[in-house]
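Enquirer: This is a predicted model, with the sequence first.
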Amino acid sequence: MQYWLMKSEPEAFSIQDLKKNKTTGWDGVRNYQARNLMRDQMQIGDRVLFYHSNAEPPGVVGLAEVSKTGLVDPSQFDPASKYHDPKADPENPRWIMVEIAFLEQFKQIVSLPEMREMAELDGMMVLQKGARLSVQPVSEAHFKLICARAGSQIQKSQKTKK
DNA sequence: GCCAACGTTGGC
DNA sequence: GCCAACGTTGGC
């Protein structure tokens, strides 16, 4: 299983929205590196740290899992969408997305300043200067550290099962 | 609201 | 294929 961090501005789509909707197609990604990760690397069941960017404070607010892969992002063909891509070809769509499913909203968010203080998270991509990539790979160790810090119920129950 | 970092575009 | 100009991201 692989681990990821996905950024969303809470004003656009928050963890509360995901909780309410249960699942969501991760549309609107218009960065090739992020697309390639979704298209080529992500697998059903992968765990996702849900990250609020442009928030006060920014940080990891919950958990999701990849529930569908290889979906065509419909917004590329929608002229009314701000993600409309006039160069997108319906015969050969360029923007591929995944669907993620809600798992948990953390009781305690793990804020960016807090993460910066955790020496064990050294090297984590989201902490690098200028790390704008909205879909990022996360190591298992970093993933677990953040879940532990958040008091994640899901991670706890997983541990007792094993 | 500022601005550094970064990705993309398009002229050449 | 280079690279300057421009737009966007996102922390602060």
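Expert: Here it is on my side, so go on.
Enquirer: use CA for all of it now, contacts and neighbours both
Expert: Noted.
Enquirer: you'd agree A:M6 is in a strand?
Expert: Yes - in this structure, A:M6 lies within a strand as judged by DSSP: H, G, I helix; E, B strand; the rest coil.
Enquirer: ok, what's across the strand from it?
Expert: Beta-bridge partners for A:M6, by DSSP bridges, are A:F50, A:V135.
Enquirer: Can you read off the pLDDT for A:G123?
Expert: The per-residue pLDDT reported for A:G123 equals 94.
Enquirer: What about it, how many residues nearby?
Expert: A:G123 has 11 neighbouring residues, counting by other C-alpha atoms under 10 Å.
Enquirer: got the residues of chain A near DNA strand C?
Expert: By C-alpha under 7 Å from any atom of the strand, the residues of chain A that approach DNA strand C are A:7-9, A:53-55, A:58, A:112-113, A:131-134.
Enquirer: Out of these, who's the most crowded?
Expert: Busiest of the residues of chain A next to DNA strand C [other C-alpha under 10 Å] is A:K7, holding 23 neighbours.
Enquirer: Distance check, it against A:N92.
Expert: A:K7 sits 26 Å away from A:N92, going by C-alpha to C-alpha, to the nearest Å.
Enquirer: all helices for chain A, in order.
Expert: In chain A, the helices defined using DSSP state H lie at A:15-21, A:32-36, A:112-117, A:140-150, A:153-161.
Enquirer: Turn the ones you listed into JSON lines, columns for distance to DNA strand B.
Expert: Formatted as JSON lines, the helices of chain A follow (distance: least, C-alpha to the nearest atom of the strand, whole Å):
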{"stretch": "helix A:15-21", "distance to DNA strand B": "21"}
{"stretch": "helix A:32-36", "distance to DNA strand B": "5"}
{"stretch": "helix A:112-117", "distance to DNA strand B": "16"}
{"stretch": "helix A:140-150", "distance to DNA strand B": "20"}
{"stretch": "helix A:153-161", "distance to DNA strand B": "32"}
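Enquirer: Determine which of those approaches A:D78 most closely.
Expert: Each of these was scored for nearness to A:D78 using C-alpha to C-alpha, and the closest is helix A:32-36 (18.4 Å).
Enquirer: from the chain's centre, how far out does that closest one sit?
Expert: Relative to its chain's centre, helix A:32-36 lies at 13 Å (C-alpha atoms, centre = their mean, to the nearest Å).
Enquirer: How about it, which residues are buried there?
Expert: A:34-35 (16 or more other C-alpha atoms under 10 Å).
Enquirer: Residue ranges in chain A under the pLDDT threshold?
Expert: Within chain A, the stretches with pLDDT under 70 are A:156-162.
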